[in-house]
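Trainee: need a 3D model of the sequence below.
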Amino acid sequence: MADAAAGDAVAAPPSPPPPALQPPLQPPPPDTPISDATQSAAETPNLPDTPASFSADPDTPFSDAPLADASDADASAVAPLGGAIKHMTLAPPAPPSKKSKKKNINSVWTRPTSRKGKKKSKQPSNALPIGGSSGGRLPKPSTGEADELILTPAPRSAAERNDDAPDLPVLLSRVFKSDKVEVSDDRLTAGSTRGYRMVRATRGVAAGTWYFEVKVLHLGSTGHTRIGWATNNADLHAPVGFDVFGFGYRDIDGSKVHKSWRAKYADQGYGEGDVLGFYIHLPDGELYEPKQPFLVHYKGLPFRAETPKAAEQKTPDSVPGSEICYFKNGVCQGTAFVDIPGGRYYPAASMYTMPDEPNCQVRFNFGPNFEFFPEDFGGRSVPQAMSDVPYRPYELANEGPKENGTAEKII
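Mentor: Sure thing, here's the model as predicted:
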């Protein structure tokens, strides 16, 4: 038995020795010198947007020194020449500050019903802007047309703004004038001492050939006038010819005025005692007159309703063959304007004089008995007197408007 065990021990191969352990990697000694391959200062290239030498221009904010980079991989490129490499790391970004969600219960400006944080309610698709830029909106009135209507607040209702009547002749309006313009009791004489402010007649024309007169009653040493034609869109707190909607005749040097530009017109101006004639020719002008907005009531307030296209159009289309010319004591001063924009033109005047001076005054004559009716119009169409212009009502058809706020225009 002992011999068998010994034989088995001799027959078994010896087991291999365990593998030797590898020595751990050791970091390089801290005093390892910089490689000889490091560029010298003379071999360092200049940056393209920096001056050649900092010493040559010490006031410049740039220099030839290499830019510092905070990355570990390029640490050898930013090491100072001749010095040791420094290990650089980026500081972790600061965590974003979180605002406290706790409400300030002591704030007098915060209420439990505060709308802060709530989304604005979506405007209905059929809403309309008020005034174009005010941001308020109203439901679109039903007009039976595909076009939407823009509603702008009207300062007064149509009846309140109408001082004309079927039994009245053509007169100066007490409504369509600047509050600085004074109108006589017979509503034919106008005067002003507060800058160039306008007054216009109660009736206007959009087609045909028409004529009226104005006599200069008083100018004084400081008085001046601009008289002519203006549409219902002209600014009443400005002189005739201030904007695109007016055409004026100026007393100083007899120049013509349109869009605030004065241009040479007559050989000389006019003064006290002169009678001026105003002629307008609008062939087929009714085809070019912009559609006037009609009035609607909404929540008890009047609004002007017009299509977006009409609201955006600043200058109406010109009337082909139209003409304006002025007369002085029955003598034509020549053609002043041609191809004027379509619209309803009203006789208008603006006056000016210095304070503490008597009013600058003019007197209108709408006909038919003119003081200096021209005998020769130079081949032009013979005009009708403005006194022949018919009454044109303009008012709300529905005094009690429907729920949708629609109203109709009566012409």
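Trainee: with just CA atoms, put the strand of greatest length in the chain into PDB.
Mentor: Counting residues, the longest strand found in the chain (DSSP state E) is strand 208-218. Extracted in PDB, the C-alpha atoms of strand 208-218 (Å, rounded to 0.1, in the frame of the first residue of the first chain):
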ATOM      1  CA  GLY A 208     -68.200 117.300 -61.600                       C
ATOM      2  CA  THR A 209     -66.900 120.900 -61.900                       C
ATOM      3  CA  TRP A 210     -67.500 123.400 -59.100                       C
ATOM      4  CA  TYR A 211     -66.600 126.900 -58.000                       C
ATOM      5  CA  PHE A 212     -66.700 129.200 -55.000                       C
ATOM      6  CA  GLU A 213     -65.300 132.600 -53.900                       C
ATOM      7  CA  VAL A 214     -63.500 133.900 -50.800                       C
ATOM      8  CA  LYS A 215     -63.000 137.600 -50.000                       C
ATOM      9  CA  VAL A 216     -60.100 138.600 -47.700                       C
ATOM     10  CA  LEU A 217     -61.600 140.900 -45.100                       C
ATOM     11  CA  HIS A 218     -58.700 141.500 -42.800                       C
END
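Trainee: neighbouring strands for whatever helix or strand comes next after that strand, and are they parallel or not?
Mentor: Following strand 208-218 in sequence order, the next helix or strand is strand 224-231 (DSSP states H and E). Within its sheet, and counting by DSSP bridges, strand 224-231 is paired with strand 246-250 (antiparallel), strand 345-352 (antiparallel).
Trainee: what comes up buried for strand 224-231?
Mentor: Of all the residues in strand 224-231, those buried under the rule 16 or more other CB atoms under 10 Å are 224-231. To be clear about C-beta, it is placed using only N, CA and C from the backbone, and glycine gets the same treatment.
Trainee: closest one to Asp388 out of those, please.
Mentor: Trp229 (16.6 Å; CB to CB).
Trainee: got the contact list for the closest one?
Mentor: 240, 246-247, 278, 280, 324, 345-348 (CB atoms under 8 Å, 6 or more residues apart in numbering).
Trainee: tell me how far the closest residue to it other than its chain neighbours lies from Arg194.
Mentor: Distances taken as CB to CB, 6 or more residues apart in numbering place Tyr345 nearest to Trp229, at 4.4 Å, with adjacent residues excluded. Distance of Tyr345 to Arg194, computed by CB to CB, to the nearest Å: 25 Å.
Trainee: between these two, which one's more packed in?
Mentor: Set Tyr345 next to Arg194 and count neighbours by other CB atoms under 10 Å: Tyr345 wins out with 30 against 16.
Trainee: how close does the more buried one sit to Gly285?
Mentor: Tyr345 is 9 Å from Gly285, by CB to CB.
Trainee: what touches both of those two?
Mentor: The overlap between the contact sets of Tyr345 and Gly285 (CB under 8 Å, 6+ apart) consists of 205-206.
Trainee: CA atoms of the helix or strand containing His297 as CSV?
Mentor: In the assignment (DSSP H and E), His297 maps to strand 294-298. Extracted C-alpha coordinates of strand 294-298, given in CSV (Å, rounded to 0.1, in the frame of the first residue of the first chain):
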residue,chain,number,x,y,z
PHE,A,294,-70.2,103.5,-41.8
LEU,A,295,-71.0,103.9,-38.2
VAL,A,296,-72.0,101.0,-35.9
HIS,A,297,-73.0,100.9,-32.2
TYR,A,298,-71.3,98.4,-29.9
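Trainee: tell me the angle whatever helix or strand comes next after that strand makes with strand 294-298.
Mentor: Using DSSP H and E, the helix or strand that follows strand 294-298 in sequence is strand 301-306. For strand 301-306 against strand 294-298, the angle by axes from the mean of the first three to the mean of the last three CA atoms, to 10 degrees is 140 degrees.
Trainee: in CSV, list the buried residues of strand 224-231 along with pLDDT and distance to Asp179.
Mentor: Listed next are the buried residues of strand 224-231 as CSV, based on pLDDT from 0 to 100; distance: CB to CB, whole Å:
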residue, pLDDT, distance to Asp179
His224, 94, 20
Thr225, 96, 19
Arg226, 97, 19
Ile227, 98, 20
Gly228, 98, 21
Trp229, 98, 22
Ala230, 97, 17
Thr231, 95, 20
